[in-house]
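# sequence first, then the predicted structure:
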Amino acid sequence: MEKINPKERLIFALDTPVRKEADRYVDELEGVVKFFKVGIILHTLTGAGFVSSLINKGKKVFLDLKYFDIADTVRYAVRQVSRLGVDFLTVHADRQVMKAAVEGKGSSDLRILAVTLLTDIAASDLRDMGIIDRDPGEVVLRRAKMAFECGCDGVIASGKEASIIKEETGGSFLVVTPGVRPAGAAADGQKRFVTPTEAIRAGADYLVVGRPIKNAPDPRSAALKILEEMDQAYKEIEV
């Protein structure tokens, strides 16, 4: 098995409404984190200019915009994103949306990730949505299989579902896991979170970490500790 570099698999969530603060985190994590998630708050305020600035610095970008619209709109929007040089883009796991997104990316290197179920959603929340006959794991798996059929490159899913998704999709389908919390860290509103070790053991390919790094007294040291835990977990599964 090829040795995995944890620095290639850790994604830091730049969830801040302030451009200057986002730039500060990027600078502070230089040499430690190379993959950054830009979500709807930061993107709304800074637009494609900030994304391009990250790419020009040699960073990888996960554009987490969760597109959900009619097929023509999604197709055109994804086509524009594919020209930016972004690595990942999220869309909702609706069949027409996913098909349109795959068509929109064309032959570019952009990878489309379908959002199966947000990690702050529990069974009680599903019942509120009218989904009363399935638990979160079943919903995630059903949507993941649909994303695979539609030609998406992977899914956003909790580490609690990563293993079964890998089994059902042949292993090569990407699983990007948000809501990752080191042991002892606050849940911060996440209901289905896992530790870095648990996520990696379950088969998650990329881990998205935000507040445990962002809110730490020393974000750089916090990121390094997570990388150490990831590295140890990779060594265990490589044995």
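Right, received. Where do you want to start?

# now the strands for this structure?
10-13, 35-39, 60-67, 88-92, 111-115, 154-156, 174-177, 206-209 (DSSP state E).

# dump the ones you listed into JSON lines; add mean pLDDT as well.
Shown next, in JSON lines, are the strands of the chain (pLDDT from 0 to 100):
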{"stretch": "strand 10-13", "mean pLDDT": "98"}
{"stretch": "strand 35-39", "mean pLDDT": "97"}
{"stretch": "strand 60-67", "mean pLDDT": "97"}
{"stretch": "strand 88-92", "mean pLDDT": "97"}
{"stretch": "strand 111-115", "mean pLDDT": "97"}
{"stretch": "strand 154-156", "mean pLDDT": "96"}
{"stretch": "strand 174-177", "mean pLDDT": "96"}
{"stretch": "strand 206-209", "mean pLDDT": "96"}
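
# dump the ones you listed to TSV, plus mean neighbour count and distance to T46.
(Each C-beta comes from the backbone N, C-alpha and C, glycine too.) TSV is the format used below for those (neighbours: other C-beta atoms under 10 Å; distance: least, C-beta to C-beta, whole Å):
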stretch	mean neighbour count	distance to T46
strand 10-13	24	15
strand 35-39	21	8
strand 60-67	21	12
strand 88-92	23	17
strand 111-115	24	21
strand 154-156	28	22
strand 174-177	25	22
strand 206-209	24	19
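
# in this structure, what helix or strand scores lowest on average pLDDT?
Least confident helix or strand, the chain: helix 123-128 with a mean of 55, by mean pLDDT, DSSP states H and E.

# any chance of the strands of the chain in JSON lines, plus distance to M98?
Shown next, in JSON lines, are the strands of the chain (distance: least, C-beta to C-beta, whole Å):
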{"stretch": "strand 10-13", "distance to M98": "21"}
{"stretch": "strand 35-39", "distance to M98": "20"}
{"stretch": "strand 60-67", "distance to M98": "10"}
{"stretch": "strand 88-92", "distance to M98": "6"}
{"stretch": "strand 111-115", "distance to M98": "6"}
{"stretch": "strand 154-156", "distance to M98": "10"}
{"stretch": "strand 174-177", "distance to M98": "14"}
{"stretch": "strand 206-209", "distance to M98": "19"}
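
# out of the ones you listed, which gets nearest to L227?
strand 10-13 (6.1 Å; C-beta to C-beta).

# packing partners for that closest one?
If contacts are counted by 3 or more C-beta pairs under 8 Å, 6 or more residues apart in numbering; DSSP states H and E, strand 10-13 sits against strand 35-39, strand 206-209, helix 211-214, helix 219-238.

# so what strands line up beside it?
Strand 10-13 sits in its sheet next to strand 35-39 (parallel), strand 206-209 (parallel), going by DSSP bridges.

# make a markdown table out of these and add distance to P217.
Conversion of the strands paired with strand 10-13 to a markdown table gives the following (distance: least, C-beta to C-beta, whole Å):
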| stretch | distance to P217 |
| --- | --- |
| strand 35-39 | 21 |
| strand 206-209 | 16 |
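
# distance of the residue lying closest to L117 once chain neighbours are set aside relative to A22?
Leaving aside its sequence neighbours, L117 sits nearest to V140 (C-beta to C-beta, 6 or more residues apart in numbering; 5.0 Å). Here the criterion is C-beta to C-beta, to the nearest Å. By it, V140 lies 30 Å from A22.
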